[in-house]
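Engineer: this one's structure only:
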């Protein structure tokens, strides 16, 4: 899996080298500020450095960093809006916070030393937000969404992670490309939810199906 790291926002600058008749080289460095210092959209609305993204448009490195205001066609919501949505709608809460150390049992359960607290009622899919998925991880996402939505691609889905977490942004793009069309993005994630005074609870990852688990061998990594 790709490593997390701080976001490096490049400074936009223009360097012009001028040579005069006496052969003196002058370097003029023009720092462009104001509107040019804002983010240049890439691949939709985000960070200007293409090296942060793969050819499919997913963030592939520096997974913790300032997020854009939107994610694809998803509706961006706040903690209070999420609270109201949960009260008014039977919505699927999809936590995509990542884990790095785990084993998978023959029954499809994740075994991990990493404790995770999330929004009550959420399904935690911890390996589907990375920029590049292994085939079994994509299959895990496919089968999990089919089960959790009862194969209804119009079912409302809220995707979240943590503050400044690009795994949620990636997941929104990926799920949208799979045909799900009623997606909400809560970029504040569990931290902003808790800061707003709402509760968290310990949860464990949503399991793989036994069929998929039987085809996936992951040795202990802790």
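Structural biologist: Looks like it arrived, so ask away. From a predicted model like this one, the values you see are computed outputs, not experimental measurements.
Engineer: hang on, residue 83 packs against residue 198?
Structural biologist: Yes. Here residue 83 reaches residue 198: they are 6.3 Å apart, a contact under C-beta atoms under 8 Å. For glycine as for every other residue, the C-beta is placed from the backbone atoms N, C-alpha and C.
Engineer: State the next helix or strand along the chain beyond the helix or strand of the chain with the lowest mean pLDDT.
Structural biologist: In the chain, no helix or strand scores lower on mean pLDDT, DSSP states H and E than strand 25-31, which sits at a mean of 28. Downstream of strand 25-31, the next assigned helix or strand under DSSP states H and E is strand 75-76.
Engineer: who does that next one pair up with?
Structural biologist: strand 183-186 (parallel) (DSSP bridges).
Engineer: Run through the residues that contact the closest residue to residue 205 other than its chain neighbours.
Structural biologist: Distances taken as C-beta to C-beta, 6 or more residues apart in numbering place residue 110 nearest to residue 205, at 4.0 Å, with adjacent residues excluded. By C-beta atoms under 8 Å, 6 or more residues apart in numbering, the residues touching residue 110 are 99, 102-104, 126, 204-205, 207.
Engineer: Now the longest helix seen in the chain: buried residues?
Structural biologist: Counting residues, the longest helix found in the chain (DSSP state H) is helix 135-148. Neighbour-count burial for helix 135-148, counted by 16 or more other C-beta atoms under 10 Å, picks out 136-137, 139-141, 144-145, 148.
Engineer: Quick check: next helix or strand after it?
Structural biologist: That would be, after helix 135-148 and using DSSP H and E, strand 157-160.
Engineer: which outside residues touch that following strand?
Structural biologist: Contacting residues not belonging to strand 157-160 are listed as 71, 74, 77, 82, 85, 91-96, 119, 145, 149, 168, 171-172, 175, 180, 182-190, 193 [C-beta under 8 Å, 6+ apart].
Engineer: low pLDDT regions in this protein?
Structural biologist: Low-confidence segments of the chain (pLDDT under 70): 1-48, 217-222.
Engineer: need the contact list for the residue positioned nearest the centre of it.
Structural biologist: Against the mean C-alpha coordinate of the chain, by C-alpha atoms, centre = their mean, the closest residue is residue 167 at 1.8 Å. With C-beta under 8 Å, 6+ apart as the criterion, the residues that contact residue 167 are 63, 96-98, 129-130, 161.
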